[in-house]
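[1] Based on what follows, work out the 3D shape:
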Amino acid sequence: MALPGQFEPAAAALQSASQVASTLQNPHLTNIVRFNLASLAMKRGDPERATELYRAVTEDAERRGNVVMFARALDNMAVTYQQVGDWD
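    Okay, here's the model as predicted:
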């Protein structure tokens, strides 16, 4: 288990999860991994990557009708924009 601030172990675990999701061809699992990668990117100070990943999650969740995942990703994307001062 990664401790707060230990980004590398978290990133490695998420990359492994991404490979599993890809192998299983499971879109829901793929979105969960993307969501967590976006959160990790934001914690690492990479809001552009976080926004890119949250946007991918919202687009896929909307296409699949997953309103809960759509809302969570959209909310987090808004917080990301707020933290970098992008109000548009």
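
[2] CA only for contacts and neighbour counts going forward, please
    Fine.

[3] by contact count, what packs against the host helix or strand of residue 70?
    Using DSSP states H and E, residue 70 maps to helix 67-83. Contacts defined by 3 or more C-alpha pairs under 8 Å, 6 or more residues apart in numbering; DSSP states H and E place helix 67-83 against helix 47-64.

[4] Rounded mean pLDDT for the helix it packs on, please.
    Helix 47-64 shows a mean pLDDT of 94 in the predicted model.

[5] buried residues in it?
    For helix 47-64, the neighbour count (16 or more other C-alpha atoms under 10 Å) marks 47, 49, 50, 51, 53, 54, 55, 56, 57, 58, 60, 61 as buried.

[6] Show me what it is packed against.
    Checked by 3+ C-alpha pairs under 8 Å, 6+ apart, helix 47-64 has helix 27-43, helix 67-83 packed alongside it.

[7] Can you say which of those is packed in most?
    helix 27-43 (a mean of 20; mean count of other C-alpha atoms under 10 Å).

[8] Taking helix 47-64 as reference, get the angle to that one.
    Inter-element angle recorded for helix 27-43 and helix 47-64: 160 degrees (by axes from the mean of the first three to the mean of the last three C-alpha atoms, to 10 degrees).

[9] which residues are contacting helix 27-43?
    7, 10-11, 14, 17-18, 21-22, 47, 49-54, 56-57, 60-61, 73, 80 (C-alpha atoms under 8 Å, 6 or more residues apart in numbering).

[10] next one: the helix holding residue 70 to chain centre, how far?
    On the basis of C-alpha atoms, centre = their mean, to the nearest Å, helix 67-83 sits 10 Å off its chain's mean C-alpha point.

[11] Can you give me the pLDDT of the residue lying closest to residue 59 once chain neighbours are set aside?
    Of all residues not flanking residue 59 in the chain, residue 70 sits nearest, at 7.7 Å (C-alpha to C-alpha, 6 or more residues apart in numbering). pLDDT recorded at residue 70 is 95.
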